[in-house]
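S.K.: Compute the structure for the input listed below.
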Amino acid sequence: MKESTFIDPLVIQDLETMARNCSGVLFDRIIELNLVNNTDLMIRLYGLCPQNSSNQTISFWEEVAPALIVYTLTFLLGVVGNLLIVVAVFGYKRMKSSTNIFLASLAIADLLFCLICIPVKLAKLFSFSWTLGYFNCKFITYLEIVLAVSSALNLTGMSMERCYAIRYPLKARSVCTNNRAQKSVAFLWILSLILSTPVLFIQVHKKVGLVEIVYWCTRDEEQSFMWPLHEIYVFCVILLIPGVIMSVSYGLVALEMWRCLKERKNLSAHFVDPSLSNNRQENETQILRRNRGDKKFR
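M.R.: Numbers count the residues shown, from 1 in each chain. Alright, predicted model coming up:
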């Protein structure tokens with residue numbers, strides 16, 4: 001219906017009442033009356049909703065305050081804690097070990113997430129639309145996945161390095177070196193950049209709105225079959241595969257520790273009970289004599 005078309009005053013009054021109450025069915029009623037193209041009416045109805053009233057403000061802060069507190073604490077603790085780790089590892093030579101290199105890489109990933117991604121998520125709490133443009137929509141979403149994948153891969157690499165060092169301590173001195181750890185970390189970051197590329201094709205910069213044109217940074221709803229596949233893919237890359245590898249690595253570490261404790265317990269028993277130690281020495285002496293061909297045992 002065009003703007004010049006007559007509209008029943010009772011209908012206008014009903015729409016204005018719904019607008020003042022910020023009714024969720026207002027837009028459905030406008031579509032039903034075919035008034036979407038009536039720009040003046042749409043703008044007037046849009047302005048009647050008391051967005052800045054005290055009740056709306058209280059409700060807004062009740063919803064936002066918990067998330068705001070969590071994001072703020074996460075940001076402060078994450079920046080301070082991870083920054084201290086990076087300074088400690090790279091600022092003191094004696095702190096540079098293969099394990100600490102993986103730990104510093106993990107701290108860098110978490111630090112970047114706190115500095116870049118958390119402020120963006122915090123800004124989303126106060127904005128209905130995406131105002132950072134097309135490039136940032138793609139880049140920040142991609143960076144979130146990269147940092148998450150990098151954290152998972154660094155934890156996985158650290159678990160494998162610790163497993164090898166504990167099970168083969170002598171070989172680990174020549175294998176688990178700082179140089180190889182640095183190369184491994186660089187490889188894991190490159191792998192993270194590659195594994196995170198599918199999100200670039202899923203996330204879109206979408207134009208929405210009738211009265212006011214705004215943009216959302218959201219998943220592409222037109223590719224309904226691709227988004228669930230991407231979620232499964234991210235689950236496997238970030239949780240499933242690293243979780244299985246870390247479980248196996250730390251399981252082997254636990255078995256090795258149990259074996260060492262069992263051997264130490266046996267040695268302690270020989271020291272506590274001398275007869276066990278004497279019997280063991282006699283048995284070993286008899287075995288040596290047999291091997292040498294002692295005449296007493298021929």
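S.K.: Rounded mean pLDDT for the helix or strand harbouring Phe75, please.
M.R.: Here Phe75, judged by DSSP states H and E, is contained in helix 54-91. The average pLDDT within helix 54-91 is 82.
S.K.: after it, next one along is what?
M.R.: helix 98-112.
S.K.: Next secondary structure after that following helix?
M.R.: helix 118-124.
S.K.: Would you pull up how far stretch 173-184 lies from the middle of the chain?
M.R.: 26 Å (Cα atoms, centre = their mean, to the nearest Å).
S.K.: Show the average pLDDT along it.
M.R.: 91.
S.K.: buried residues in that stretch?
M.R.: 176, 181, 184 (16 or more other Cβ atoms under 10 Å). C-beta coordinates here come from the backbone N, C-alpha and C atoms, glycine included.
S.K.: Please give me every residue in contact with the second one.
M.R.: Listed by Cβ atoms under 8 Å, 6 or more residues apart in numbering, the contact partners of Ala181 are 98-99, 101-102, 161.
S.K.: can you tell me which two in the residues you listed are farthest apart?
M.R.: Ile101 and Glu161 (9.2 Å; Cβ to Cβ).
S.K.: When those two are compared, which one has more neighbours?
M.R.: Ile101 (25 against 22; other Cβ atoms under 10 Å).
S.K.: Not counting sequence-adjacent ones, nearest residue to that one?
M.R.: Ala181 (4.2 Å; Cβ to Cβ, 6 or more residues apart in numbering).
S.K.: Quick check: that neighbour vs Tyr71, distance?
M.R.: 33 Å (Cβ to Cβ, to the nearest Å).
S.K.: Which residue ranges make up each domain of the protein?
M.R.: 9-48, 76-258 (automatic domain parsing).
S.K.: Stretch 193-201: end-to-end distance?
M.R.: End-to-end span of stretch 193-201 (Cα to Cα, to the nearest Å): 14 Å.
S.K.: Assumed Thr218 was part of a strand.
M.R.: Yes - checked against DSSP: H, G, I helix; E, B strand; the rest coil, Thr218 lies within a strand.
S.K.: got the contact list for it?
M.R.: Residues near Thr218 by Cβ under 8 Å, 6+ apart: 203-204, 206.
S.K.: Mind putting the residues you listed into TSV with secondary structure, neighbour count and pLDDT?
M.R.: As requested, these are exported to TSV (DSSP: H, G, I helix; E, B strand; the rest coil; neighbours: other Cβ atoms under 10 Å; pLDDT from 0 to 100):
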residue	secondary structure	neighbour count	pLDDT
Gln203	strand	22	90
Val204	strand	19	89
Lys206	strand	16	86
